[in-house]
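Novice: from the sequence below, what's the structure:
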Amino acid sequence: MKSAAIVSKPDKPELAQIVPELIEWLTNHEYSVVIDNETAAYVQTKYEVVDREKMAEPKPEFVVVLGGDGTLLSAARAVAPAQ
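Specialist: Okay, the predicted model is just below:
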């Protein structure tokens, strides 16, 4: 199965609407979804949650970053080991 990861900036209220819709789209397109702890705060259904530092372990095919430059850099460092 294809996999995708989502990394989010904390404390962004608008993500409460965006994240569930994004997860729904991904799952409807047959992706397994892994989220970081910050993203988990925006969803009510249980998904695979991993610490951002361990985001490379599930080897996602791609990562959706919802945040600014700092969030993007943090996500890039976290998934770099997965190439």
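Novice: mind listing what's buried in the longest helix anywhere in the chain?
Specialist: In the chain, with assignment by DSSP state H, the single longest helix is helix 15-28. For helix 15-28, the neighbour count (16 or more other CB atoms under 10 Å) marks 15, 19, 22-23, 26 as buried. To be clear about C-beta, it is placed using only N, CA and C from the backbone, and glycine gets the same treatment.
Novice: run through the helices of the protein in chain order.
Specialist: 15-28, 37-40, 69-79.
Novice: turn the buried residues of helix 15-28 into CSV, including distance to residue 81 and pLDDT.
Specialist: Formatted as CSV, the buried residues of helix 15-28 follow (distance: CB to CB, whole Å; pLDDT from 0 to 100):
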residue, distance to residue 81, pLDDT
15, 26, 94
19, 25, 95
22, 24, 96
23, 24, 95
26, 22, 95
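Novice: so residue 74 is in contact with residue 8, correct?
Specialist: No. With contacts defined as CB atoms under 8 Å, residue 74 does not count as touching residue 8, sitting 10.6 Å away.
Novice: that older thread, give the other helices and strands that the longest helix of the chain contacts.
Specialist: Applying 3 or more CB pairs under 8 Å, 6 or more residues apart in numbering; DSSP states H and E, we find helix 15-28 packed against strand 2-8, strand 31-36, strand 62-66.
Novice: show me the contacts for residue 50.
Specialist: 34-36, 57-58 (CB atoms under 8 Å, 6 or more residues apart in numbering).
Novice: residue 47 now?
Specialist: 23, 33-35, 40.
Novice: wait, residue 48 touches residue 58, no?
Specialist: Yes. Using CB under 8 Å, residue 48 is in contact with residue 58, at 7.1 Å.
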